[in-house]
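A.B. asks: Sequence unavailable; structure follows:
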């Protein structure tokens with residue numbers, strides 16, 4: 001597997017008049033990685049994707065896909081990228097099969113046995129006209145066209161829109177398989193639980209700026225969590241107040257509750273010096289972390 005980034009942006013900036021949609025974005029996404037890109041509407045996610053794909057031109061900076069400049073090598077890049085836009089539009093009078101045939105011809109052909117496999121996996125009836133599809137079934141066709149050529153890089157903008165839970169599970173399994181084959185997935189999503197299940201790293205964008213890029217597990221380890229401890233006899237809350245990363249300590253009889261941020265080992269050593277009977281940890285999830293970055297302006301000082 002090559003060590004060359006699958007996607008690389010350097011100072012990528014896009015202004016719409018006085019509106020700064022994307023500001024000095026530096027990002028590297030490696031081969032075989034599922035990268036989750038998070039942010040609410042208007043944060044700059046779709047602008048970043050369209051700029052990287054040369055659908056719109058940057059105000060400043062540049063983007064590379066598989067080492068190729070996204071503008072200078074736009075045609076060649078198309079041969080290696082599968083793309084699902086967030087505003088998917090399909091020809092209403094074509095069937096699903098005809099739609100995929102059209103996209104396959106643009107690519108110079110595909111392995112139709114793999115298309116059939118994807119259609120079966122997503123439980124997609126390709127014989128119907130697009131105009132007769134629900135939004136979820138249109139999304140399935142969009143996913144099939146993105147995956148069907150087995151591209152080296154997949155760029156997916158809100159891919160789970162309209163999908164039922166069972167199809168979402170199959171889709172997540174497909175993402176993991178794609179990464180295991182050494183191919184790259186750039187996943188822009190509002191579905192935080194999905195990103196948490198499949199992504200190796202996540203980036204959070206806020207008002208056009210990338211405020212953090214980190215492995216999911218590392219990001220969660222830095223979040224504030226709650227730990228409930230049960231002791232055989234009462235323990236003074238002062239025991240825990242001086243422990244690094246611990247704050248908001250509450251002691252009631254033999255129960256002690258703390259909020260902590262960072263590594264748990266130091267806290268556990270302090271607890272095990274007493275008659276620790278039981279403990280329960282409420283692990284922070286990605287949604288809580290994401291919301292924290294949007295509530296707290298100081299989070300923008302996080303290392304990227």
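C.D. replies: Sure thing, it's come through. None of the values given here were measured: they were computed from a predicted structure. Residues are numbered from 1 along each chain as shown.
A.B. asks: Is it correct that residue 276 is in contact with residue 227?
C.D. replies: No. Counting by CB atoms under 8 Å, residue 276 does not reach residue 227; the two are 11.2 Å apart. Bear in mind the C-beta positions are built from the backbone N, C-alpha and C, glycine included.
A.B. asks: which of the two has more neighbours?
C.D. replies: residue 227 (20 against 16; other CB atoms under 10 Å).
A.B. asks: who touches residue 27 in this structure?
C.D. replies: Contact analysis of residue 27 by CB atoms under 8 Å, 6 or more residues apart in numbering lists 7-9, 12, 203, 210, 213.
A.B. asks: residues in contact with residue 114?
C.D. replies: 148, 150 are the contacts of residue 114 under CB under 8 Å, 6+ apart.
A.B. asks: Quick check: buried residues in the helix or strand where it lies?
C.D. replies: Under the criterion of DSSP states H and E, residue 114 resides in helix 112-121. Buried residues in helix 112-121, counted by 16 or more other CB atoms under 10 Å: 115, 118-119, 121.
A.B. asks: Then stretch 262-272?
C.D. replies: Buried residues in stretch 262-272, counted by 16+ other CB under 10 Å: 267, 270-271.
A.B. asks: Looks like residue 59 contacts residue 13 (just checking).
C.D. replies: Yes. Under the criterion of CB under 8 Å, residue 59 makes contact with residue 13 at 4.9 Å.
A.B. asks: so can I have a markdown table of the contacts of residue 27 showing pLDDT and secondary structure?
C.D. replies: Putting these into a markdown table (pLDDT from 0 to 100; DSSP: H, G, I helix; E, B strand; the rest coil) gives the following:
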| residue | pLDDT | secondary structure |
| --- | --- | --- |
| 7 | 98 | strand |
| 8 | 98 | strand |
| 9 | 97 | strand |
| 12 | 97 | strand |
| 203 | 94 | strand |
| 210 | 94 | strand |
| 213 | 94 | strand |
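A.B. asks: Looking at these, which one is closest to residue 128?
C.D. replies: Closest approach to residue 128 among these (CB to CB): residue 7, at 34.8 Å.
A.B. asks: Skipping adjacent residues, who's closest to that closest one in space?
C.D. replies: Distances taken as CB to CB, 6 or more residues apart in numbering put residue 29 closest to residue 7, at 4.1 Å, once the chain neighbours are dropped.
A.B. asks: Phi and psi next, for that neighbour.
C.D. replies: Per-residue torsions, residue 29: phi -120, psi 130 (degrees, to the nearest 10).
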